[in-house]
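Q: mind looking at a prediction? Sequence and model below.
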Amino acid sequence: MEITDEYRKKIELLCGDEGKKWLNSLPDQVDYFEQKWNIKTSDPFSLSYNYVCPAITADGHNVALKLSFPNNHEFITETEAIKRFPEEVTIKILEEDLEKGSVLLEQAIPGTPVAKITPDEDQIHYVAQVIKKLHKPINEDDKKLFPSISNWAEIFDRYVKQDKDGSGIVPRNLVDLGKGIFTEFLQEDKQQFLLHGDLHNDNILQSNRGWLVIDPKGLVGEREFELGAYLRNPYYDLPQNNDYKAIETRRIIQFADELGFDRERIRLWALASTIISMLWFWEDEGKVSEIYLRNAELIRSVKF
């Protein structure tokens, strides 16, 4: 079992002593689920937070074992979102043990992320088609299972409470701008949908049954908010020396045209999403990379 030092440090920083214990327990956990679900695992995929590794069932099917890191409150909402999204565009849950924080998932084969698709116009078209199928209005009972966009916005007040003098690592003018966008848009009576919540270009994978979404957070809100995760990292997602502003502008226009959304509303939600992601990094890791500030300023500069 290969675990990088970078991943180990991330989990220890996020979860402290519980994280260390969890990391040390991973070999035993994997052994347990290999026997319970009659699978044979391999070394993990590139890890972000949860432990995810490929596996093969006794009858030769490719699957993926996913183990939740300690106190991962989004693990339940992730599984509940997968169960409610259309199977046509969502990875399947094959087995689950929520008490132990584990699921066995269908593995997308070949698993190529939509990020690899060129030209970029084709990539955006595929993403728009997935979103059209993914989004369904959410009923009142299901709303109770998931956080809402307004719940996410509470981080603005948490940050300001800690950064009383405005000298923190996220500039106060950006914090105020992001909070203002959330405040304005959340006053409107928009139809509510179950959103993925983290639909960036590595969370849409090619499979033998089409494009499938993975790793949803499960979020209640308006559809336009969904595009923020896709649009907020151009300096990460695009090759160097591109005309980032021109590409970002065209992406927003194409999404608006294919999905029937308002361009400026997409841009503003993407900007607010970029700012809130910086606050998550501040809250989880105590730092914010310069590249996130550049991404925010890029989206801020887009004009139509």
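A: That came through fine.
Q: going forward, measure contacts between C-alpha atoms and count neighbours the same way
A: OK.
Q: any idea where the strands of this protein begin and end?
A: 39-41, 51-57, 62-67, 93-97, 102-106, 110-113, 193-195, 204-207, 210-213, 219-221 (DSSP state E).
Q: what would those look like in JSON lines with mean pLDDT and distance to His125?
A: Written out in JSON lines, the entries for those read as follows (pLDDT from 0 to 100; distance: least, CA to CA, whole Å):
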{"stretch": "strand 39-41", "mean pLDDT": "98", "distance to His125": "35"}
{"stretch": "strand 51-57", "mean pLDDT": "97", "distance to His125": "29"}
{"stretch": "strand 62-67", "mean pLDDT": "98", "distance to His125": "28"}
{"stretch": "strand 93-97", "mean pLDDT": "98", "distance to His125": "27"}
{"stretch": "strand 102-106", "mean pLDDT": "98", "distance to His125": "25"}
{"stretch": "strand 110-113", "mean pLDDT": "96", "distance to His125": "14"}
{"stretch": "strand 193-195", "mean pLDDT": "98", "distance to His125": "19"}
{"stretch": "strand 204-207", "mean pLDDT": "98", "distance to His125": "13"}
{"stretch": "strand 210-213", "mean pLDDT": "98", "distance to His125": "12"}
{"stretch": "strand 219-221", "mean pLDDT": "98", "distance to His125": "22"}
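Q: can you redo those strands as CSV with mean neighbour count and distance to Leu271?
A: Shown next, in CSV, are the strands of the chain (neighbours: other CA atoms under 10 Å; distance: least, CA to CA, whole Å):
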stretch, mean neighbour count, distance to Leu271
strand 39-41, 21, 40
strand 51-57, 20, 30
strand 62-67, 22, 31
strand 93-97, 14, 33
strand 102-106, 21, 33
strand 110-113, 15, 24
strand 193-195, 25, 18
strand 204-207, 20, 22
strand 210-213, 22, 23
strand 219-221, 24, 16
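Q: nearest to Ile181, out of the ones you listed?
A: Set against Ile181 and scored by CA to CA, the strands of the chain come closest in strand 219-221, at 14.2 Å.
Q: sorry, back to before: export the strands of the chain to TSV and append columns for distance to Lys133.
A: Shown next, in TSV, are the strands of the chain (distance: least, CA to CA, whole Å):
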stretch	distance to Lys133
strand 39-41	32
strand 51-57	26
strand 62-67	24
strand 93-97	19
strand 102-106	19
strand 110-113	18
strand 193-195	12
strand 204-207	13
strand 210-213	11
strand 219-221	16
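Q: quick one: closest of those strands to Asp5.
A: Closest approach to Asp5 among the strands of the chain (CA to CA): strand 51-57, 13.9 Å.
Q: paired strands for the closest one, with orientation please.
A: Looking at strand 51-57 with DSSP bridges, its partner strands are strand 39-41 (antiparallel), strand 62-67 (antiparallel).
Q: point out where the stretch 51-200 of the chain drops to low pLDDT.
A: Low-confidence segments of the stretch 51-200 of the chain (pLDDT under 70): none present.
Q: can you give me the helices in it?
A: Per DSSP state H, counting those that start in this stretch, the stretch 51-200 of the chain carries helices over the ranges 74-84, 120-134, 140-143, 149-152, 155-162, 172-186.
Q: now do the last one: everything it contacts.
A: So that's helix 172-186. The contact list for helix 172-186, computed with CA atoms under 8 Å, 6 or more residues apart in numbering, reads 150, 153, 156, 166, 268-269, 271-273, 275-276.
Q: swap in the fifth one?
A: Contact with helix 155-162 is made by 166, 175, 179, 276, 279-280, as judged by CA under 8 Å, 6+ apart.
Q: got these as JSON lines, with distance to Pro137 and neighbour count columns?
A: Output for the contacts of helix 155-162, formatted as JSON lines (distance: CA to CA, whole Å; neighbours: other CA atoms under 10 Å):
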{"residue": "Gly166", "distance to Pro137": "39", "neighbour count": "15"}
{"residue": "Val175", "distance to Pro137": "30", "neighbour count": "21"}
{"residue": "Lys179", "distance to Pro137": "25", "neighbour count": "19"}
{"residue": "Ile276", "distance to Pro137": "24", "neighbour count": "22"}
{"residue": "Leu279", "distance to Pro137": "29", "neighbour count": "22"}
{"residue": "Trp280", "distance to Pro137": "27", "neighbour count": "17"}
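Q: many thanks, have a good one.
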